[in-house]
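> Just need the structure, nothing else, for what follows:
(2 chains)
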Amino acid sequence: MGTISLKNISKSFGSTQVLNNLNVDINDGEFLTLVGPSGCGKSTLLRIIAGLEQQTSGDVLIDNKNVNRVRASERDLAMVFQSYALYPHLTVRRNLETPLRLRDYNAFERLPLIGNFSPSKKEKTESINQLVNKTSETLKISELLDRKPGQLSGGQRQRVALGRAMVREPVAFLMDEPLSNLDAALRVHMRSELSELHNSLKTTFVYVTHDQAEALTMSSRMAVMIDGNLLQLDTPQEVYDNPSSLSVAQFVGSPKINIFKGTADSGGTVSFLNVNLKRKSSESNTDLHIGIRPEHLEITNESNENTFSGTVAYRENLGSDIFFHVNIEDGSNKIIVRGLPQFTHQISNGSKVNIKRVSDKALLFNEAGMRVQFTNA
Amino acid sequence: MEAKQYIGEGWKHAILIIGAIVVMLPFYMMVSMSLKSQQEIQSISGGLIGAQETQTFPVCVKTGYSEDTCTMKPYQYNYWFAFEKAPIPRYLMNGVIVTLSIFIIQVLVALPCAYALAKLRFYGREFVFSMVLFCLLIPVHGIALPLYVMLAQAGLVDTYSALILPWTISVFGIFLMRQFFMTVPDELIDAARMDGMGEYAIVWKVMLPTAIPALLAFAIFSVVAHWNDYFWPRMVITGNRDLFTPPLGIREFRGGIDSDEFGPMMASIVTVTVPLIVAFIIAQKRFIEGITLTGMK
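Alright, predicted model coming up:
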């Protein structure tokens, strides 16, 4: 079992409020990502779960037991750190053994030399060795066991850090930006490895990242945090398609969602620039923010009441896609449009282009940044 | 490289060489005098090792040895007589006992203190640290007399305790280790806590091994200072020659039976200095190897 519940968690350092009354329920075996821009309090929340930091108010429940007063080491959680935090003076084997030795040996058995006289120690050592060997085989680090962390590459250290967390078979893994010190290619590779690991271990993962791509690719659910508030907690697809607020919509998705200034008339019909969405919003007679993702816009030759025009400021070629950064004619906006290479290869910087919407998809937000729904399809 | 650059480099080396000579000259004199006879020392002749003529040494005879025993080469005589006249091994052993005890207790005190000051959050931490800095400013000689009186009241004068106790809390050690611990990433400590270590276990099993280079630097300061200290042992060791530390021992050769005999005196100084130099060379090698924090990042 590995459920974690956070009830009304608040945290302040002096007069600065870092976390604001958070409620999160993490299910057993779930891969939950805490994602948000740096400084949003996600790492603090993870450290509160771990017991390394004490919340100012609220409760942490692990497997329905209140652990507010339980020390970090007794919560049976394992943590992987951004800097790996391996013991630099110990070999990989000893690094992996350390949590087990501290858990399994009693105080007498941990003593140097005379500890060996304890009758039960041999058996325990045996089982520790087995666990270490098993884990190192799973992570393919068996041949590294006799090296020191200083002799390993970044990716290998990452694996050892994972191994040190795994050997204990904890109720949940806490990961604090574990991939951010790796180079780009390795990071993408480790994403899939972590997902596979999660599938095979079936243990709860709580994963902190500022990289929305990691959150989207790996998690079963993601919690978007901004400025100490939990804005949305849902599956990645749902967060992407149906963001609850403007900040979530802007944070999730790369390239960023395009935001247009628009209006809803007295009947609720929404329009922006010269384009009429022909859909009605639930709020009428107001200014709105209209969000349209780059993949829902397209460059076209047509010029009619459904298109608007602009000048290409920058052409970003990613191979599979080309993103055009376009300055809209009235100078109000700079937007990003996705184009397929085969149709748009002749368009270069400075070209004048017409843009139309590909699908009906659009997201409405009111002045305060909260989501507004359409009333008709 | 052009000739101009050679000249530039040459200047630097010339200055460094002059500096090295200034520093090395006293050592050269010490070694040289420990090998030569009294006459050669006084007439400043004989180069590094002198003529090494076998001769009979008058001071030795006066001390009560037979003329046969007292006839040998100067270098043999200097070292033999140094050991004969004063129990140098005993002094060396005292030096080792005192400096090692001081260093070990200093580490036992300084490491937990430094860890608390660097990594734990508690009320009044900044104040405590400022007190540590303040204590760095107090000169030893300023508090020597009160310290002596206290030790005398406690009946500890003329004991090892008098030599060791006043030095067991090194504010310099606390300060140095605190500065080093500040550079150890918090994540390493958090990882140890997650693994189930208590705070004391973290100090001895995580912080100590990562701090070896800093600890060696501190060891050099501490051991050299207390090995060479003349002032304090001179104050608290008043009568018992068995407790003499090496610098006190050297004093035995001043104003002997009839005159100052420099040969044996320098021989004893060489004997006292060599262990330190050897220790430094060994430590220096470890310095360079030093266990670094490469496990992080």
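> Please list the residues of the stretch 101-250 of chain B that sit near chain A.
Taking CB under 8 Å from any CB of the partner chain as the contact definition, the stretch 101-250 of chain B meets chain A at B:185, B:187-188, B:190-197, B:201, B:206, B:209-210, B:212. C-betas here are computed from N, CA, C, even on glycine.
> Kindly recompute the last result at 10 Å.
B:184-198, B:201, B:205-206, B:208-210, B:212 (CB under 10 Å from any CB of the partner chain).
> any idea whether A:Asn349 is helix, strand or coil?
Here A:Asn349 is recorded as coil under DSSP: H, G, I helix; E, B strand; the rest coil.
> where does it fall, phi/psi-wise?
Torsion angles at A:Asn349 (phi, psi; degrees, to the nearest 10) stand at phi -60, psi 140.
> Surely it is in contact with A:Asn317?
No. With contact defined as CB atoms under 10 Å, A:Asn349 and A:Asn317 do not form a contacting pair (11.5 Å).
> Give me the common contacts of the two.
A:Phe324 (CB atoms under 10 Å, 6 or more residues apart in numbering or on different chains).
> just checking, which of the residues of the stretch 101-250 of chain B next to chain A belong to helices?
Among those, DSSP state H puts B:186-195, B:201, B:208-210, B:212 in helices.
> Would you check which pair of these lies furthest apart?
Farthest apart among these by CB to CB are B:Met194 and B:Ile212. That separation is 23.9 Å.
> which one of those two has more residues nearby?
Using other CB atoms under 10 Å in any protein chain shown as the criterion, B:Met194 and B:Ile212 rank with B:Met194 on top: 26 against 17.
> For the residue nearest to that one when sequence neighbours are not counted, give me the backbone phi and psi.
Residue nearest to B:Met194 in three dimensions, not counting chain neighbours: A:Met79, with 4.8 Å by CB to CB, 6 or more residues apart in numbering or on different chains. The phi/psi pair for A:Met79 (degrees, to the nearest 10) reads phi -130, psi 140.
> Please apply the same query to the one 10 residues further on.
Per-residue torsions, A:His89: phi -90, psi 0 (degrees, to the nearest 10).
> Return the distance of the closest residue to it other than its chain neighbours relative to B:Ala279.
Leaving out its chain neighbours, the residue that sits closest to A:His89 by CB to CB, 6+ apart is B:Pro209, at 3.8 Å. Noted for B:Pro209: a distance of 21 Å to B:Ala279, by CB to CB, to the nearest Å.
> B:Thr168 now?
21 Å.
> Kindly report the same for A:Thr56.
Per CB to CB, A:Thr56 is found 52 Å from B:Ala279.
> Do a quick rundown of the helices in the stretch 151-297 of chain B.
Here the stretch 151-297 of chain B has its helices, by DSSP state H, counting those that start in this stretch, at B:160-164, B:171-182, B:186-195, B:199-201, B:208-210, B:212-228, B:231-236, B:246-251, B:262-289.
> Please name whichever of those is nearest to A:Phe323.
Nearest of the helices of the stretch 151-297 of chain B (CB to CB): helix B:186-195, 36.5 Å.
> and the residue in the stretch 251-377 of chain A that chain B sits nearest to, how many residues sit next to it?
Per CB to the nearest CB, A:Phe251 is where the stretch 251-377 of chain A lies closest to chain B, at 25.6 Å. The number of residues packed near A:Phe251 is 25, by other CB under 10 Å.
> do the same with A:Lys278
Burial of A:Lys278 is recorded as 11 neighbouring residues (other CB under 10 Å).
> just the one 4 residues further on next, same as before
Counted with other CB under 10 Å, the neighbours of A:Ser282 add up to 12.
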